[in-house]
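Asker: Sharing a model prediction with you, sequence too.
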Amino acid sequence: MDAILLQILNGLDKGSAYALIALGLTLIFGTLGVVNFAHGALFMIGAFCAVTLQRILNLSFELVDETQKDFLGNPLKVKTPYVEAWFGPDIGGSIIDWAVPLAILFAIPIMIGVGYVMERGLIKHFYKRPHADQILVTFGLAIVLQEVVKYFYGANPIQTPAPDALNGVVNLGAAIGMDIVYPVWRVVYFFFAVLIIGGIFSFLQFTTFGMVVRAGMADRETVGLLGINIDRRFTIMFGIAAAVAGLAGVMYTPINSPNYHMGMDFLVLSFVVVVVGGMGSLPGAVLAGFLLGVLESFASMNEVKSLLPGIDQIIIYVVAIIILLTRPRGLMGRKGVMEE
Amino acid sequence: MSNFNASRRRVLKTGAIAGAGVALPTIFTASSAAAFTNEPTGSSVTLGFNVPQTGPYADEGADELRAYELAVEHLNGGGDGGMMNTFSSKALQGNGILGKKVEYVTGDTQTKSDAARASAKSMIEKDGAVMITGGSSSGVAIAVQGLCQEAGVIFMAGLTHSNDTTGKDKKANGFRHFFNGYMSGAALAPVLKNLYGTDRVAYHLTADYTWGWTQEESIAAATEALGWQTVNKVRTPLAATDFSSYIAPVLNSGADVLVLNHYGGNMVNSLTNAVQFGLREKVVNGKNFEIVVPLYSRLMAKGAGENVKGIHGSTNWHWTLQDEGSMAFVKSFGTKYGFPPSQAAHTCYVQTLLYADAVERAGSFNPCAVAEALEGFEFDGMGNGPTLYRAEDHQCFKDVLVVRGKENPTSEFDLLEVVEVTPRAQVEYAPDHPMFAGGNLGSCNPGA
């Protein structure tokens, strides 16, 4: 029983990342009609915002310590971060320790800016082009972005730890007399994802801006005829979708050390999530994200693998095939979306 | 106007012969004027450095390339000579190889077998490389080794740890300096016995490809010989990034040791996940839960950060070694590049010098003469103590290091500490050992 609950938690955790990325993908597809294969790269750029802030906070000056030697036998240059010199070792050390949560503030404007430039500079020229063209250009953009990141940060994973206070484990089953030990940061990630998803739905549901965007998603021409500049709002939505992917990346860095390829690792899975959820359906993307995350976790259980060897590698695609055969529009897909 | 009576059968026959002729790679149909493939005729000789310049091991590839450039510099008489000064063989004079200036071309393996073969083929066919070396993956090494055998050039493997490279996939034209999975098991087992005792239950997570399989087999055999039980061996997809769903079952498996047969990004992520789940704080069967990473790399350990602290593994070489050869290499490399070399850089540097030395001793670039010079060659001064290039399988036998993640590193390079230098005799095995069975070295192919 403990093992099953643990895998459900793992699945919800994985599903959080899938859902956040798929939510952004669906926002872009639903508003602009663009199939954005560069969306995984936005997740990766978000993660590297955390790496960058960590490096900024660790910027140091060097003092030569004659009593210590470096690997070549020369006097050792001891590095002291400016932050620690300015605020003292305790406060300065705490600021560095909390680099990842602080990176949320750092990443939001950067990601909105990246999204805005991406949409205005490249993707808007492909609105009227076939989906195949959009896929090719955005996939090419994703490769360019990851190579740029690799040029500056290298190919190896970069350790970006959670704050010490959130680094341990918590027994989630203590209240019911069970032993369900789970990493604190993964619990934080899940609730963070729920918060972001809730925020996006509330924004679209309860604000005038959101109402116009939803109207534009339903009937772009009519909204345009009412004199509303729907293109500008959709551009802003692209920026918001980029920020959602970026924040998912920022918070993911303590779970797995970021590397330049992490966006591609999530991209295909996220597209499957979008298709299973139903193209253009925001609730569908979230539902499918969590569903596929949980199924993927269960498929990794030894009991399941012993019955169906290799199932962990194909489960998501098997589920996608079954759902698309039985519900061709996905779990919550709307009629008319990508059907013309 | 002449009549041409072409029957359908004749056209097909002619087309098939012409097509086969065009399709046959030129490396297999080289001019018979040369005694062997890419025989150097001018004042220079070209070596082919085939390393991952893109892809997940690009940083390791960059370090390999630095080592190759340093080796070329030393062979041509530049720099301080590095390990040429400590190498027991004194055939190298710093005037190139057989008086020919050493030049090089590079290829990008991308850590993909097909891309690695394509770049090696291009260096042999277009650039006239007489020797191919490099790589950071066993899959790539085995693929390129096979190509070099067919093409008639020597392959000096880079970082490849699978038993298969000099086991069932060994080739007469291929030589490996790096250690292997069996040696990791043989070196680690006594240390693990001293640290954790003989009554342990191990759980393996293994990367699902040739290297992972052979390492899992080797480590399981070595630890079971101590009296350990192996409760489960779980294969994980090479593309996996989040290992949480593979780690969770470990918690309730009854295991008190987790063996991570992972390398590169897989190792960084699986180790990080295992530590996140509190495995290191767990007490199972009345014992502290332990994690073992049988193959360590300093470059990869950096990615796992603090999670490597206190975790044991093995490595081919480490820059803190205090023998003359290692110190000379670290000084050369560190002075030129500003940081210490990785184990991948070390093995690539050594392989280049060993090839050049073999050519000098053989007096010829002919791959068969070079192979003969390398087979059974005993040497010292290259950082791992007295070393043998065994004739039967072209595997180097030398001391192996058992290392541990350092608790209090003094610099960003100071991540591992050497716990034990396992003597060569302890990691040796018979050429027909079952873990290496099934292959055939064959005979040397000079090409041409």
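Answerer: In hand now; what should we look at? This structure is a prediction, so every number in the text was calculated from the model and none was measured. Residues are numbered from 1 along each chain as shown, chains lettered A, B, ... in the order given.
Asker: Please make it C-alpha for all contacts and neighbour counts, starting now.
Answerer: Fine.
Asker: any idea what the residue of chain B found nearest chain A is structurally, helix, strand or coil?
Answerer: Per Cα to the nearest Cα, residue B:303 is where chain B lies closest to chain A, at 4.8 Å. Recorded secondary structure, residue B:303: helix (DSSP: H, G, I helix; E, B strand; the rest coil).
Asker: That one contacts residue A:155, correct?
Answerer: No - taking contacts as Cα atoms under 8 Å, residue B:303 lies outside contact range of residue A:155: 10.3 Å.
Asker: got a pLDDT number for the residue of chain B closest to chain A?
Answerer: At residue B:303, the pLDDT value in this model is 84.
Asker: ok, now which ones touch the closest residue to residue B:199 other than its chain neighbours?
Answerer: Spatial nearest neighbour of residue B:199, excluding adjacent residues (Cα to Cα, 6 or more residues apart in numbering or on different chains): residue B:228 at 5.6 Å. Contact analysis of residue B:228 by Cα atoms under 8 Å, 6 or more residues apart in numbering or on different chains lists B:198, B:199, B:200, B:201, B:202.
Asker: Let me see the contact set for the fourth one.
Answerer: Each residue near residue B:201 by Cα under 8 Å, 6+ apart is listed here: B:228, B:229, B:230, B:231, B:254, B:255, B:256, B:257.
Asker: how far away is residue A:239 from residue A:107?
Answerer: 12 Å (Cα to Cα, to the nearest Å).
Asker: now do residue A:264
Answerer: Counting by Cα to Cα, the gap from residue A:264 to residue A:107 is 20 Å.
Asker: The two - which one has more neighbours?
Answerer: residue A:107 (25 against 21; other Cα atoms under 10 Å in any protein chain shown).
Asker: Spatially, what comes nearest to that one if we skip its sequence neighbours?
Answerer: Using Cα to Cα, 6+ apart, the nearest residue to residue A:107 is residue A:49, at 5.7 Å.
Asker: thought residue A:332 was touching residue A:274?
Answerer: No - taking Cα under 8 Å as the definition, residue A:332 is not a contact partner of residue A:274, at 10.1 Å.
Asker: Now the common contact residues for these two.
Answerer: Common neighbours of residue A:332 and residue A:274, counting by Cα under 8 Å, 6+ apart, are residue A:284.
Asker: which one of the two has more residues nearby?
Answerer: Shown here are residue A:332 and residue A:274; by other Cα under 10 Å, residue A:274 has more neighbours (32 against 20).
Asker: Show the pLDDT at that one.
Answerer: 88.
Asker: Residue B:152 now?
Answerer: Residue B:152 is assigned 96 on the pLDDT scale.
Asker: same deal with the one 10 residues further on?
Answerer: Residue B:162 is assigned 95 on the pLDDT scale.
Asker: and the residue nearest the centre of chain A, backbone torsions?
Answerer: In chain A, the centroid-proximal residue (Cα atoms, centre = their mean) is residue A:248; its distance is 3.2 Å. Backbone torsions for residue A:248, taken as degrees, to the nearest 10, come to phi -60, psi -40.
Asker: residues contacting it?
Answerer: Taking Cα under 8 Å, 6+ apart, one finds A:17, A:20, A:21, A:43, A:46, A:47, A:193 in contact with residue A:248.
Asker: Output the below-cut-off pLDDT ranges for the stretch 1-150 of chain A.
Answerer: A:1 (pLDDT under 70).
Asker: Likewise for the stretch 201-340 of chain A?
Answerer: Using pLDDT under 70, the stretch 201-340 of chain A drops low at A:335-340.
Asker: Flag every residue of it that's near chain B.
Answerer: For the stretch 201-340 of chain A, the contact set with chain B under Cα under 8 Å from any Cα of the partner chain comprises A:255, A:256, A:257, A:261, A:265, A:297, A:298, A:300, A:301, A:302, A:313.
Asker: how about 7 Å then?
Answerer: Residues of the stretch 201-340 of chain A found near chain B (Cα under 7 Å from any Cα of the partner chain) are A:256, A:257, A:297, A:300, A:301, A:313.
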